[in-house]
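Chemist: next come a sequence and a model predicted from it.
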Amino acid sequence: MKFSAKVIFVFILCGFITTGNLYADDLSNASLILSTSRPSASTPLSAAAISSDGILSIFNNGSRYLASDSARIIQGSSGLQIAGGLPVASQSASLTSVYLGSSVGAPAGAGSDILQVPITAMHTVTFTTISAIPSGGKIIITYPGSGNNSASPSASTFAFNGLPNSTAAVKSTNATDCNTVTVSAPTITCTTSAIIPAATQVSIFIGCTTAGATCTSQAPYLINPTKSSQTAGTADSWRIQVSTADGSNNVIDSRTLAVGTIESVTVRANVDPSLTFTIAGVNNGVAVNTNNTTGCLQTELTNTGINATATDVNMGTLANSPSAIDTTISNISAQLLTVTTNGATGYVVTATSSGHLRNPSTGFFLTDAATPQAFPAAGANFYGFHACGLDTYSAGIGTTFWNSTASDTNCNTYITGSAGNICKYGWPTTSTPINIASDTTGPIGNAIVAGSGLTSVSYAAGADPAVPPGQYTTVVTYVATPSF
């Protein structure tokens, strides 16, 4: 009886030991996170393309090409690239046409040649060990399929895309957890250089060049699979095996992870074009650049005795005198033009007139000039306007320009030539609009860039003894045109 009891005891003990080696535990808290879950886009051309084509016809296999994608065309037979760096502008709602931002640049055939946008992602595999992994042990990550089908229309796995067979692009939270890397598609193996104790959280970053607790410098390699069907909004699910093993490849613990790839969501919004254009009068006795001091430095004072309004500039009574034109006989009034627009390439303000500042009853008019010039010498009459502001059109009228970058408080005196282009005045013709102000970048508005969209216009008039009495009038029309 004693002999039999010992035999039974040994048998049971051996059976217990054998059973413990047959079953590995599941790794706990295991997950796989992709830096992007968007499927790769890849489909054959349904019609041949020539070098100058900017629209490509494709088969609808569920692939979606998004604006800003950089697409390529490869030969289906050889995998060689025919054209690359093709900017995608949009795709038709039927998913059968792709609109490019440039021409293809090379001919491509129907049916055999493939339009691709390979989507790469950085993969983060995280788990907590159940059993310790010995030094020289392994962490093995296995993807479905072969791992070599590089985003073809039938890709059913994550393509490895030349993932380096080293730690150059596979990192871990602790360098000893993944001291050496062996890549043999579809498997990635990390070999440890120190013991990883039980209950240790481990993260492996695939497609990462620098890492600590997280990946701080991504370099994605693995290419996401293509869409498995034309059903949009339903994820394709992929299963990845993660195992730990000893140095002899005996599995210690393992876990099957699931990850999904699904279409990106395009968010759309429409913004209507906008334009506001206002004309405001400048009061009497204030600087011409009132409310426009950032872009306009002309500080001469209005002095007609009458406030200008949005629709009326009254130059007052023009005195005539045989003496030199000076502040006692030269009249200045002003308006402020304001433009705001969301036009991407700015705006332009132009002006035309009904003609000279004329007395309809006599037909006499004050002298003016299409080319801006300083008021003439003593004994002459003259009339014109002067534009000033950050956006003042620097080419002006003719070969002269209005200078808005320097101040001159003596424009009221009209000393001939003393102020260079600062105080020069011109007058628009009836037939050809002249540019008053412009800006080639948008959006435009003083709240966006101080002084932008603001133009001060000063009107000046002087008379000599040869000017007959009467009421003199003219009309100037301003037009603001945004560029969208």
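Modeler: Great, that's in hand.
Chemist: could you give me the average pLDDT of stretch 95-111?
Modeler: Stretch 95-111 carries an average pLDDT of 95.
Chemist: so what touches it?
Modeler: 44-60, 62-65, 71, 73, 82-83, 86-92, 115 (Cβ atoms under 8 Å, 6 or more residues apart in numbering). C-betas here are computed from N, CA, C, even on glycine.
Chemist: of those, which belong to strands?
Modeler: Counting by DSSP state E, the contacts of stretch 95-111 place 44, 55-57, 71, 73, 82-83, 86-91, 115 in strands.
Chemist: which ChimeraX command selects the buried ones in those residues?
Modeler: This is how ChimeraX selects the buried members of the ones in strands among the contacts of stretch 95-111, with burial counted by 16 or more other Cβ atoms under 10 Å:
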select :44,56,57,71,73,82,83,86,88,89,91,115
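Chemist: in space, not sequence, find me the middle residue of this protein.
Modeler: S68 (10.1 Å; Cα atoms, centre = their mean).
Chemist: which residues touch it?
Modeler: P87, V88.
Chemist: checking it next. Helix, strand or coil?
Modeler: coil (DSSP: H, G, I helix; E, B strand; the rest coil).
Chemist: picking that back up, pick the one among the ones in strands among the contacts of stretch 95-111 closest to D177.
Modeler: For the ones in strands among the contacts of stretch 95-111, the closest approach to D177 (Cβ to Cβ) belongs to A71, at 37.9 Å.
Chemist: excluding sequence neighbours, find me the nearest residue to the closest one.
Modeler: Sequence neighbours aside, L86 is the residue nearest to A71 in space, at 4.4 Å (criterion: Cβ to Cβ, 6 or more residues apart in numbering).
Chemist: hmm, back to that, how much space between the residue nearest to the centre of the chain and S458?
Modeler: 48 Å (Cβ to Cβ, to the nearest Å).
Chemist: now swap in C296 and tell me
Modeler: 9 Å.
Chemist: between the two, which contacts overlap?
Modeler: Overlap of the contact sets of C296 and S458 (by Cβ under 8 Å, 6+ apart) consists of V288, C388.
Chemist: which parts of this structure belong to which domain?
Modeler: 25-36+120-261, 41-117, 272-484 (automatic domain parsing).
Chemist: pick out the shakiest of the ones you listed, pLDDT-wise.
Modeler: domain 272-484 (a mean of 81).
Chemist: straight-line length of it, end to end?
Modeler: Counting by Cα to Cα, to the nearest Å, you get 10 Å between the two ends of domain 272-484.
Chemist: now that domain: how far from the chain's centre is it?
Modeler: Distance of domain 272-484 from the chain centroid (Cα atoms, centre = their mean, to the nearest Å) equals 38 Å.
Chemist: ok, stretch 229-241 next?
Modeler: Relative to where its chain is centred, stretch 229-241 has its mean C-alpha point 31 Å off (Cα atoms, centre = their mean).
Chemist: mind listing residues that contact it?
Modeler: 32, 37, 39, 60-62, 64, 125, 140-144, 157-158, 225, 227-228, 254-263.
Chemist: pull out the buried residues from the residues you listed.
Modeler: 32, 37, 39, 61-62, 64, 125, 140-143, 157-158, 225, 227-228, 254-255, 257, 259, 261, 263.
Chemist: got the residue ranges for the helices in the chain?
Modeler: Taking DSSP state H as the criterion, the chain carries its helices at 2-22.
Chemist: what distance do you get for N289 to S254?
Modeler: For N289, the distance to S254 - Cβ to Cβ - is 78 Å.
Chemist: first-to-last residue distance for stretch 449-469?
Modeler: From its first residue to its last, stretch 449-469 covers 46 Å (Cα to Cα).
Chemist: what residues are up against the residue nearest to A466 when sequence neighbours are not counted?
Modeler: Of all residues not flanking A466 in the chain, N381 sits nearest, at 7.2 Å (Cβ to Cβ, 6+ apart). The neighbourhood of N381, defined by Cβ under 8 Å, 6+ apart, consists of N320, L366, T367, G462, A463, D464, A466, V467.
Chemist: and with 7 Å instead?
Modeler: The neighbours of N381, taking Cβ atoms under 7 Å, 6 or more residues apart in numbering as the test, are L366, T367, G462, A463, D464, V467.
Chemist: swap in S458?
Modeler: V288, Q298, E300, I332, A334, F385, H386.
Chemist: any idea how far R38 is from the closest residue to G470 other than its chain neighbours?
Modeler: Leaving aside its chain neighbours, G470 sits nearest to N359 (4.1 Å; criterion: Cβ to Cβ, 6+ apart). Using Cβ to Cβ, one gets 74 Å for the distance from N359 to R38.
Chemist: what does I444 give?
Modeler: 37 Å.
Chemist: neighbour-wise, which of those two wins?
Modeler: Comparing I444 with R38 by other Cβ atoms under 10 Å, the one with more neighbours is I444, at 25 against 18.
Chemist: can you tell me how far the nearest residue to L222 once chain neighbours are set aside is from I223?
Modeler: Once flanking residues are discounted, L222 sits nearest to F158: 4.7 Å by Cβ to Cβ, 6+ apart. According to Cβ to Cβ, F158 and I223 sit 7 Å apart.
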